[in-house]
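A.B. asks: Return a 3D structure for these sequence lines:
(one chain, ligands or ions: 1)
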Amino acid sequence: MRVGVLTGGGDCPGLNAVIRGIVRKGVQEYAYDFLGFRDGWRGPIEGDTVQLDIPAVRGILPRGGTILGSSRTNPFKEENGVRRIKENLAKHDIEALIAIGGEDTLGVAARMSDEYGIPCVGVPKTIDNDLSATDYTFGFDTAVGIATEAIDRLHTTAESHMRVLVVEVMGRHAGWIALHSGLAGGANVILIPEQRFDVDQVCAWVTSRFKASYAPIVVVSEGAMPKDGEMILKDGSLDSFGHVRLSGVGEWLAKEIEQRTGKEARTTVLGHVQRGGTPSAFDRWLATRFGLHAIEAVRDGDFGKMVALRGTDIVRVPIGEATAKLKTVDPKLYEEVGVFFG
Ligand code: F6P
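C.D. replies: Predicted coordinates for the structure are as follows:
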């Protein structure tokens, strides 16, 4: 059997570990052949392939990014996208396709499987950890580690100058990275997209930290919004993927804090640093297990399914279950850890 593999959406530490797990087990245990498709769904649409065999996956376990490349191409938005994929899969004798990706990539895989009979297995990835049906996605632990280290470093410089340091982390729709890194890094305020924040309240917390002789660290998700509206939208425009750009909340907030409290404030936007570089040990472990289970699902002919972490077990769920609804931070959890903030 020949199996196609693609990685779509934003890259994520651990993608190469998944690919390696799939290929190693597929070749060694089932004698399968593999073909990589370049740049997510663009590969099968355009027939852009890359050799994927044991030598190709040697040494890639600790490497960030993806050896297959990635893109946000959506076949349903391309002319004859599905027809071209079917033709290219037939041309290369592909009998199963493993799609490693987030909400968009997996949403396409679900439709390909359910509506067009293309045998797909999904593997969930995102540093944002906001995919339903899995307890964790690989990449998240690495991103949290990077953000935590940054917060640790920012504490000492904030204290030396007695400034407020606002740290903007990734998370357009979910505050998982902010919550985990903020708690681990001993931040004083954590602001997440799930709960609109009150700037006056943030300023009151900041002021109270200074009274206790601490220089406060404010961690804010890029998608967090103030209560009184859309003021942080830069121009309300959509990016090339149709997303409203919310970037700038960290900078905006630091200015508001300075004006309202009279304390000096600076912003650090961590951005793509959170997605780059080598995966943590946990992410290598999880990604490898996802890869091993994905190729087992192929062997079982269990298509339209995604591998998922439940507790310490890897299970299979319908891909649609993961893409139907984003997994956001439960207000109870936010409240539970809130004792450390404010
Ligand atoms: O992968 C998800 C994510 O990391 C978001 O947290 C972030 O908003 C987005 O990707 C950035 O995407 P891009 O690489 O397209 O700027």
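A.B. asks: got the buried residues for the helix or strand hosting residue 109?
C.D. replies: Using DSSP states H and E, residue 109 falls within helix 103-116. Of all the residues in helix 103-116, those buried under the rule 16 or more other C-beta atoms under 10 Å are 103, 104, 105, 106, 107, 108, 109, 110, 111, 112, 113. Where you see a C-beta, it was placed from the backbone N, CA and C, and this is true even at glycine.
A.B. asks: which outside residues touch the helix-or-strand element of the chain with minimal mean pLDDT?
C.D. replies: The least trusted helix or strand in the chain, going by mean pLDDT, DSSP states H and E, turns out to be helix 319-323, with a mean of 90. For helix 319-323, contacts defined as C-beta atoms under 8 Å, 6 or more residues apart in numbering pick out 103, 106-107, 109-110, 113-114, 120, 122, 124, 131-134, 304-306, 308.
A.B. asks: do stretch 146-159 as well
C.D. replies: Under the criterion C-beta under 8 Å, 6+ apart, residues 163-165, 167, 169, 177-178, 180-182, 184-187, 214-217, 219, 268, 270, 273-274, 277 lie in contact with stretch 146-159.
A.B. asks: mind running it again at 7 Å?
C.D. replies: Applying C-beta atoms under 7 Å, 6 or more residues apart in numbering, the contact partners of stretch 146-159 are 165, 167, 169, 177, 181, 184-185, 187, 215, 217, 219, 268, 270, 273-274.
A.B. asks: which of these count as buried?
C.D. replies: Restricting these to buried positions leaves 165, 167, 169, 177, 181, 185, 187, 215, 217, 219, 268, 270, 274, with burial counted as 16+ other C-beta under 10 Å.
A.B. asks: thinking again about what came up before, which helices and strands does the helix holding residue 109 pack with?
C.D. replies: Counting contacts by 3 or more C-beta pairs under 7 Å, 6 or more residues apart in numbering; DSSP states H and E, helix 103-116 packs against strand 96-101, strand 120-124, helix 319-323.
A.B. asks: quick one on the thing from earlier: give the next helix or strand downstream of the least confident helix or strand of the chain.
C.D. replies: Downstream of helix 319-323, the next assigned helix or strand under DSSP H and E is helix 331-337.
A.B. asks: all strands of this structure, in order?
C.D. replies: If DSSP state E is used as the criterion, the strands of the chain fall at 2-7, 33-37, 49-51, 96-101, 120-124, 164-169, 189-191, 217-221, 265-269, 305-310, 313-318.
A.B. asks: tell me the most buried of the ones you listed?
C.D. replies: Highest mean neighbour count among those (mean count of other C-beta atoms under 10 Å): strand 120-124, with a mean of 31.
A.B. asks: Give me the angle between it and strand 305-310.
C.D. replies: Interaxial angle, strand 120-124 versus strand 305-310 (axes from the mean of the first three to the mean of the last three C-alpha atoms, to 10 degrees): 30 degrees.
A.B. asks: Near the ligand, which residues of the stretch 201-342 of the chain? Just list them.
C.D. replies: By the rule C-beta under 6 Å from any ligand atom, the part of the stretch 201-342 of the chain lying against the ligand is 222, 275.
A.B. asks: where do the helices sit along the stretch 201-342 of the chain?
C.D. replies: 249-261, 281-299, 319-323, 331-337 (DSSP state H, counting those that start in this stretch).
A.B. asks: Dump those helices to CSV, plus mean neighbour count.
C.D. replies: Output for the helices of the stretch 201-342 of the chain, formatted as CSV (neighbours: other C-beta atoms under 10 Å):
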stretch, mean neighbour count
helix 249-261, 19
helix 281-299, 22
helix 319-323, 23
helix 331-337, 12
